[in-house]
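J.: After the sequence you'll find the predicted model.
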Amino acid sequence: MANTLDKKYIDIQVSLGGWDLDAGNQPIYTNDVFSIAQDIKHRILESGLARELQGERNNAKRATVLTKIEMLTESDDRIVPGTASCIEENVNRYFLTAVTKEYGAIGSRINL
């Protein structure tokens, strides 16, 4: 982890619900803008908002949940208020974008 000492935000990289491991079976680390994006994605999943979208057919209800996701994203102190946007790419896939205060734009897909 010596190469990550100059990074401000450091996390273990997570995908598919588990830690990503290198060839030596050690955790892979992510940092800075990628860490922020991962934190926000996990916050959304843990909030239950992603679950509210699953199977919801009512356009107005889905739009309300997407607005809640944008507001939750903007509640992170590292995000510029008013910059979050969550759009539906298809029935089970959403794309969230926002602007961080230190690193610029981020984007993350949420697959349900």
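T.: Received it, and whenever you're ready, just let me know what you need.
J.: By mean pLDDT, flag the weakest helix or strand of this structure.
T.: strand 10-12 (a mean of 77; mean pLDDT, DSSP states H and E).
J.: Which strand or helix spans the residue most central in space within the chain?
T.: Most central in the chain under Cα atoms, centre = their mean is K41, positioned 2.4 Å from the mean C-alpha point. Element membership of K41, judged by DSSP states H and E, is helix 32-47.
J.: and stretch 56-75, average pLDDT?
T.: Over the span of stretch 56-75, the pLDDT mean works out to 95.
J.: on that earlier part again, so for the helix or strand just after the helix holding K41, what gets flagged as buried?
T.: Scanning forward in sequence from helix 32-47 by DSSP H and E, the next helix or strand is helix 49-53. Along helix 49-53, these residues count as buried under the neighbour rule (16 or more other Cβ atoms under 10 Å): 49-50, 53. From N, CA and C alone the C-beta is placed, and that goes for glycine too.
J.: again, but for stretch 18-31
T.: With burial defined by 16+ other Cβ under 10 Å, the residues of stretch 18-31 counted as buried are 29-31.
J.: try stretch 81-97
T.: Of all the residues in stretch 81-97, those buried under the rule 16+ other Cβ under 10 Å are 83-84, 86, 94, 96-97.
J.: same thing with stretch 63-72?
T.: Quick answer for stretch 63-72 (16+ other Cβ under 10 Å): 65-66, 69-70, 72.
J.: Among these, name the ones in helices.
T.: Judged by DSSP state H, the buried residues of stretch 63-72 include 65-66, 69-70, 72 as members of helices.
J.: Save these as CSV, and put in distance to D20 too.
T.: Shown next, in CSV, are those (distance: Cβ to Cβ, whole Å):
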residue, distance to D20
V65, 28
L66, 28
I69, 24
E70, 27
L72, 25
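J.: Going by distance to I10, which of those residues wins?
T.: Within those, proximity to I10 (Cβ to Cβ) peaks at L72, which comes in at 22.6 Å.
J.: pretty sure that closest one contacts L49?
T.: Yes: using Cβ atoms under 8 Å, L72 makes contact with L49 at a distance of 6.7 Å.
J.: Dig out what V99 forms beta bridges with.
T.: A105 (DSSP bridges).
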